[in-house]
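>>> Need a 3D model of the following:
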Amino acid sequence: MAYIESILYTKSFKIIVNRVIKKVKHLQPKLKIDAIACRGVSGSSVAFATSYVIGLPIIYVRKPTENSHGDKIESCGASKHKNYIIIDDFIDTGTTVKEIIKSIKTNYDDIVCVGVLLYDEHAKRTKVDLSGNESVRVYRTKPVSAY
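I've put the predicted structure just below:
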């Protein structure tokens with residue numbers, strides 16, 4: 001089974017989406033989240049569902065190698081928003097998170113990444129170091145096995 005099949009085509013997908021929704025709703029007042037950012041298939045599948053249910057706009061950042069008729073960043077009025085959270089499954093090297101933040105910052109000066117929400121139960125990171133002394137906090141949901 002391909003990795004994406006293990007997420008999308010299982011009984012746990014609904015559980016994953018629901019726990020991400022619950023976590024974003026919990027973090028939203030504290031972090032003032034007003035948008036969700038994502039990239040790639042696994043992160044997008046959960047981020048788009050979360051965006052739809054909660055009513056937060058999506059900022060989709062394409063991979064540099066991704067061919068599309070659209071722009072490198074697709075959003076619903078990202079310039080109107082101030083604080084976004086990145087939703088993804090896990091962080092390996094941190095490159096994806098750094099590239100999402102850099103791409104959004106390049107196109108929208110006043111919008112800030114307030115955190116990264118990981119939904120894979122094997123995700124271990126607690127922060128991602130950016131440049132200099134900057135870092136972004138990583139939040140996690142409960143493992144699927146906890147349900």
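>>> Look up the closest residue to Arg137, ignoring the ones flanking it.
Closest residue in space to Arg137, ignoring its immediate chain neighbours: Gly115 at 4.9 Å, by CB to CB, 6 or more residues apart in numbering. C-beta here means a position set from N, CA and C on the backbone, and glycine is covered the same way.
>>> Show me what the mean pLDDT comes to for the helix or strand hosting that neighbour.
If you go by DSSP states H and E, Gly115 is part of strand 112-118. Mean pLDDT, strand 112-118: 89.
>>> Also stretch 84-103?
85.
>>> May I have it exported as CSV, CA atoms only?
What follows is stretch 84-103, C-alpha atoms only, in CSV (Å, rounded to 0.1, in the frame of the first residue of the first chain):
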residue,chain,number,x,y,z
TYR,A,84,-1.4,30.9,9.7
ILE,A,85,-0.7,27.4,10.8
ILE,A,86,0.9,24.7,8.6
ILE,A,87,-0.8,21.3,8.6
ASP,A,88,1.3,18.3,7.7
ASP,A,89,1.8,14.7,8.7
PHE,A,90,5.4,14.8,9.9
ILE,A,91,8.7,16.7,9.7
ASP,A,92,11.9,14.9,8.6
THR,A,93,14.5,17.6,7.8
GLY,A,94,12.3,20.7,8.2
THR,A,95,12.9,21.7,4.6
THR,A,96,9.2,21.6,3.6
VAL,A,97,8.2,23.8,6.5
LYS,A,98,11.0,26.3,5.8
GLU,A,99,10.1,26.4,2.1
ILE,A,100,6.4,27.0,2.9
ILE,A,101,7.3,29.8,5.3
LYS,A,102,9.8,31.4,2.8
SER,A,103,7.4,31.2,-0.1
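>>> residue boundaries of the strands in this structure?
Remark: strands assigned in the chain by DSSP state E are 35-38, 58-61, 73-75, 83-88, 112-118, 127-129, 135-140.
>>> So the residue nearest to Arg137 sits against Val97, correct?
No. Gly115 is beyond contact range of Val97, at 10.2 Å (criterion: CB atoms under 8 Å).
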